[in-house]
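A.B. asks: Got a predicted model here, sequence first, then my questions.
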Amino acid sequence: MAAYVVNEIVVTDAATFQTYVAQVPPTLAQFGGRYLVRSGPSEAIEGEPPGRLVILEFPDRETAKAWRASPAYQAILPIRDASSTSRVYVVDGYEPG
């Protein structure tokens, strides 16, 4: 079952954050990850939207967690942490049964 990594991000240093953004795509490829949402304009229907929203799709939860723990991603994570605050979680997709 597909799994999704949801990132709710508030960028505090845009220039440094862009360094991180540029380095993420190669880390996704080896885990079959892909962007479904990569920020862009959002419109609140209820509540306050995060400053930036990113949703990644992976083949399954284990693969999503392996990407997050990978040396390639861990090497750039400090850049994100130094330039933003965030909530990140993984959720399984829905399979009608």
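C.D. replies: Arrived safely, thanks for sending.
A.B. asks: Please spell out which residues along the longest helix anywhere in the chain are buried.
C.D. replies: Ranked by residue count under DSSP state H, the longest helix found in the chain is helix 14-29. Neighbour counts using 16 or more other Cβ atoms under 10 Å place Phe17, Tyr20, Val21, Val24, Thr27, Leu28 of helix 14-29 among the buried residues. Bear in mind the C-beta positions are built from the backbone N, C-alpha and C, glycine included.
A.B. asks: residue contacts, the last one?
C.D. replies: Contact partners of Leu28, counting by Cβ atoms under 8 Å, 6 or more residues apart in numbering, are Arg34, Tyr35, Leu56, Trp67.
A.B. asks: How about the fifth one?
C.D. replies: Residues touching Thr27, when contacts are defined by Cβ under 8 Å, 6+ apart, comprise Gly33, Trp67, Ser70, Ala72, Tyr73, Ile76.
A.B. asks: Quick check, pLDDT for it.
C.D. replies: pLDDT, Thr27: 97.
A.B. asks: quick one: the helices in this structure?
C.D. replies: Taking DSSP H as the test, the helices found in the chain are 14-29, 61-69, 71-83.
A.B. asks: In a markdown table: those, plus distance to Tyr94.
C.D. replies: Formatted as a markdown table, the helices of the chain follow (distance: least, Cβ to Cβ, whole Å):
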| stretch | distance to Tyr94 |
| --- | --- |
| helix 14-29 | 22 |
| helix 61-69 | 13 |
| helix 71-83 | 26 |
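A.B. asks: With Gly97 as the reference, name the closest of the ones you listed.
C.D. replies: Of all those, helix 61-69 sits nearest to Gly97, with 17.5 Å by Cβ to Cβ.
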